[in-house]
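*Asks:* my questions are about this predicted structure, shown below with the sequence.
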Amino acid sequence: MSVLQSPSSPSPGVRLIRAFGVLLLGYVLVMTFTVPLGPGIVDVRVSPGDDQERQTTFALEIEGHNTHFSESIPLVFLKRGEHFVVIRDLEVVDDRHLAGRVTLDKFLPALSWDVFVNSPVDGTMSFANGFFAQGLTASTKTKSPDNDEVLDRLSQADLGFHFPFQPNIMETIRNLMLHVPMWFTMFLLMGISFAQSIRSLGTSGTAEHDMKAMASVKTGMWFGVLGLLTGSLWAKFTWGAWWVDDPQLNGAFVTVMVYAGYLVLRSSVQDEALRTRLSAVYNLFGFCLLVVLLMVLPRFTESLHPGKGGNPAFSSYDLDSALRAVFYPAVLGWMILGTWMYAKTLRLERMRATLAESRLQRATKAGLPFFLLTTSTWSDPLVNDGKMGVVVGVAVIIGVGLGLWSLVHSRQARDLNQEIERHS
Amino acid sequence: MRETWRLFTYLWRAERRSQHGLVGLALFAIATTYAAYQVVRGRPDPTTWNALAWVMLLFTAFNGVSRTLEEDRPEVLAYLKTVVNPVHYLMARTLHNSAVLAGLACLLTALMGLLMGWGTLDGPRLWGFLAGMALTALALGATLTLIALIAARAGAGFGMTAVLGLPLVLPVVLVSTSLGSDLMQGVLVADTWHNFAFLGALAAGSGTLGVVLFPYLWRA
């Protein structure tokens, strides 16, 4: 009963760290939603125009995101290797739309071209393979005359502090601060559980170690499920499906399954000493296999995730200094929040154990959130405006998840407190 | 080593004494294969063939490891605990399970060949596939033996083994299915050796983990 009589108040150091974590998360949330995304090209539409004997005229429509076309008329050109074609007949529709016409000879150095837009305001933006010269003929003998002109007219822009624009990902690059740290935090918590399971098997192992192992798994599961849900939403609007066959996704799913198995195993054994030993052995065995599954096997297979199986890592050139300045604090902040939630869960577990000692345990179980979305028209607000809605959706999922956690947590705490008062 | 072997032969004798155990497993494998044959009707395409083979091996394996022998009665276990080193017991148990699973894998492959053909497998690739199945049996045996012993200690049966084991054997399943689909697509056995190496490493890794952790289960 000693635990209950003096509800362990955290030491000043721990309080300081938690306050720091909250500050970090505040900074991260503000930055995640306010730092502007760099300009980029969302789409290029080409329609074949007049077909003359030796020349064909194509009409281009270029759609940008966060661009400022009307501030200064941009330089638009096609590029393939060392060949350039400048599009001279250009009309600015508005800040985000350009219309142009280009007349090409029947013989070209290449048929598929990257489309580039350059302006002193927005810098250089590109859209890979945006222009295909349908109906013309590729010939290596021809040359395009515009090389010097393009190189002379290119201008640099100072964009200030911004997140990099990437085709398809667009605004959802902000999810890096919300979705990815879920997994970092889960792994930290499962690591705590691993360490506590080792200690509970040792000769000086106590029920306290076992309790810590379980509390960290319970908290880690929340982050795992939130990681799955947010990842699923992000995947739908960048990869095109709620779930794709990807080693990283398999690993994440199996991780959540293994720890669900851990909790099932615990709930099916009544004897405390046996439960400690069985669940610790399973935890250690499972964690080691998960390391193989998550760290080793994905390196040998192809993956959609950056940094795996030959895909460029965020760390090489995608993760620029602006992303770093928010991502690292985000990881640290979410981890501090995770350990805080773990400490609160552990307190409940201690109360529960005390109640069990007086044979008054009441089963209270935390329900896990799930969602099911099937229709297709609802998704428009998520996709429009550079997919910014996906970031909001991910933040809402995490917010709802954490809100649900605190609701479940406070209700359990209230019930346990009432129970203890009634029987003390 | 000698004690492991003695325990292994002891388990075989126990197995022989209760014949319905092994025969029941074989019947399960035969019935599953026949049900699959009824569903696909005729010769499935290589992908289906591969998926069917591994799924059936997986479920047969779960049945195989989670059955209880006559020798698993509490009294017998209590006696064994006084005379046997836990590591030797686990190794004997793993070897025994792996041998049973390898036999079942061969039976499954033979039955599938009889009923649905061997797809594009021929000559050395068929032997390579069989070797892959045997190695998979070893890896599954190494992983599932410990899980089944945990489930048995928890007083739960097949369901608990499946809940605890299915996620954990996924690495093995991923590697062995990619091995199978490689061989089915005509890749030479020598060119898919890394999958054999992975399976061997997974078997060795889970075996070692089991040896380290099992003594904690064995304690009363």
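*Replies:* Perfect, I can see it now.

*Asks:* need the residues of chain B near chain A, please.
*Replies:* B:143, B:146-147, B:150, B:153-156, B:160, B:163-164, B:166-168, B:170-171, B:174-175, B:178, B:194, B:198, B:202, B:205-206, B:209-210, B:213-214, B:216-217, B:219 (Cβ under 8 Å from any Cβ of the partner chain). Yep, even glycine has a C-beta here, placed from its N, CA and C like the rest.

*Asks:* ok, of the residues you listed, which come out buried?
*Replies:* The neighbour count (16 or more other Cβ atoms under 10 Å in any protein chain shown) marks B:143, B:146-147, B:150, B:153-154, B:156, B:160, B:163-164, B:166-168, B:170-171, B:174-175, B:178, B:198, B:202, B:205-206, B:209-210, B:213-214, B:216-217 as buried among these.

*Asks:* tell me the SS of A:Ser204?
*Replies:* coil (DSSP: H, G, I helix; E, B strand; the rest coil).

*Asks:* what is the neighbour count of it?
*Replies:* Residues lying near A:Ser204 (other Cβ atoms under 10 Å in any protein chain shown) number 7.

*Asks:* stretch A:35-55: end-to-end distance?
*Replies:* Length of stretch A:35-55, first residue to last, Cα to Cα, to the nearest Å: 46 Å.

*Asks:* for chain B, which spans come out with low pLDDT?
*Replies:* For chain B, residues meeting the criterion pLDDT under 70 lie at B:19, B:70-71, B:220.

*Asks:* in it, which residue sits closest to chain A?
*Replies:* Nearest residue of chain B to chain A: B:Pro167, at 3.9 Å (Cβ to the nearest Cβ).

*Asks:* distance check, the closest residue in space to B:Ala61 that isn't next to it in sequence against A:Thr142.
*Replies:* Distances taken as Cβ to Cβ, 6 or more residues apart in numbering or on different chains place B:Leu140 nearest to B:Ala61, at 4.7 Å, with adjacent residues excluded. For B:Leu140, the distance to A:Thr142 under the criterion Cβ to Cβ, to the nearest Å works out to 62 Å.

*Asks:* okay, these two: which has more neighbours?
*Replies:* Between B:Leu140 and A:Thr142, counting by other Cβ under 10 Å, B:Leu140 is the more crowded of the two (31 against 14).

*Asks:* where does that one fall, secondary structure wise?
*Replies:* Using DSSP states H and E, B:Leu140 maps to helix B:124-153.

*Asks:* distance between that helix and the chain's centre?
*Replies:* Taking Cα atoms, centre = their mean, to the nearest Å, one finds helix B:124-153 lying 3 Å from the centre of the chain it belongs to.

*Asks:* and stretch A:144-155, by the same measure?
*Replies:* Counting by Cα atoms, centre = their mean, stretch A:144-155 is centred 39 Å from the centre of its parent chain.

*Asks:* next one: stretch B:191-209
*Replies:* When C-alpha coordinates are averaged (Cα atoms, centre = their mean), stretch B:191-209 and its chain have centres 14 Å apart.

*Asks:* which residues sit in contact with the residue of chain A found nearest chain B?
*Replies:* Here chain A gets closest to chain B at one residue, A:Met257, 3.9 Å apart by Cβ to the nearest Cβ. In this structure, A:Met257 makes contact with B:Leu166, B:Pro167, judged by Cβ atoms under 8 Å, 6 or more residues apart in numbering or on different chains.
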